[in-house]
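Q: 3D, please:
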Amino acid sequence: MLVLVSFMGMLGYLRFFEQPRIFMTYITASLKSMIHFMVVVVIMLTAFSLALAFSRGRETVSLATFVPVMQEQYLALFGEFYDAPDGFEWMILFIMSLIMPLTMLNLLIAIISEAHANVQQNLERNDNAHLADIILELEVFMVWNRARNDRSNMIYCEYDD
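A: As a prediction, this is how the structure comes out:
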């Protein structure tokens, strides 16, 4: 876990370079947009799990009986199907195995392409905002000249070819 946290902290240093900075903007925009996607996935998975639990003859579903059914449906979402003996369970499995992946993949592609379009639209503004954040962090970090009371600024210049 410590290695993962250290690696995530090191990703912040890649902001100095233009391509990783843009890529990190894509990733954060996609992750922010996927919150609604994950809510839809959980709702659909819960609905199919409840339908399967009630189809097995239960009038009430407790947490102890719901969790294994939810695990079966989650694994079926990724292709590890369970044995569906009767017609109604087979219908639930068939509908879930067709509708869930197609709907979710289309929704995921739409969310990521919308995030990509938003990042492309605001690319220069986001890039300049990241550069301003980097410069501000470096100015706060530069502690070696504070005792001299010399006012100085860090300047970022780029030459056009």
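Q: I'd like the distance from the helix-or-strand element of the chain with minimal mean pLDDT to the chain centre, please.
A: None of the helices or strands of the chain scores lower by mean pLDDT, DSSP states H and E than helix 2-11, at a mean of 74. Averaging C-alpha positions (C-alpha atoms, centre = their mean, to the nearest Å) puts helix 2-11 18 Å from its chain's average.
Q: Dump that helix to PDB, keeping only the CA atoms.
A: Presented in PDB, the C-alpha positions along helix 2-11 are these (Å, rounded to 0.1, in the frame of the first residue of the first chain):
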ATOM      1  CA  LEU A   2       2.900   2.300   0.800                       C
ATOM      2  CA  VAL A   3       4.400   1.700  -2.600                       C
ATOM      3  CA  LEU A   4       1.100   2.600  -4.300                       C
ATOM      4  CA  VAL A   5       0.800   5.800  -2.300                       C
ATOM      5  CA  SER A   6       4.500   6.700  -3.100                       C
ATOM      6  CA  PHE A   7       3.800   6.000  -6.800                       C
ATOM      7  CA  MET A   8       0.800   8.300  -6.800                       C
ATOM      8  CA  GLY A   9       2.800  11.000  -5.200                       C
ATOM      9  CA  MET A  10       5.500  10.700  -7.900                       C
ATOM     10  CA  LEU A  11       2.900  11.200 -10.600                       C
END
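Q: Give me the helices and strands touching the very next helix or strand once past that helix, please.
A: Proceeding N to C from helix 2-11, the next assigned helix or strand is helix 18-55, under DSSP states H and E. Contact here means 3 or more C-beta pairs under 8 Å, 6 or more residues apart in numbering; DSSP states H and E; on that basis helix 18-55 packs against helix 63-77, helix 87-121, helix 123-141. For the C-beta atoms, the positions are set from N, CA and C on the backbone; glycine is no exception.
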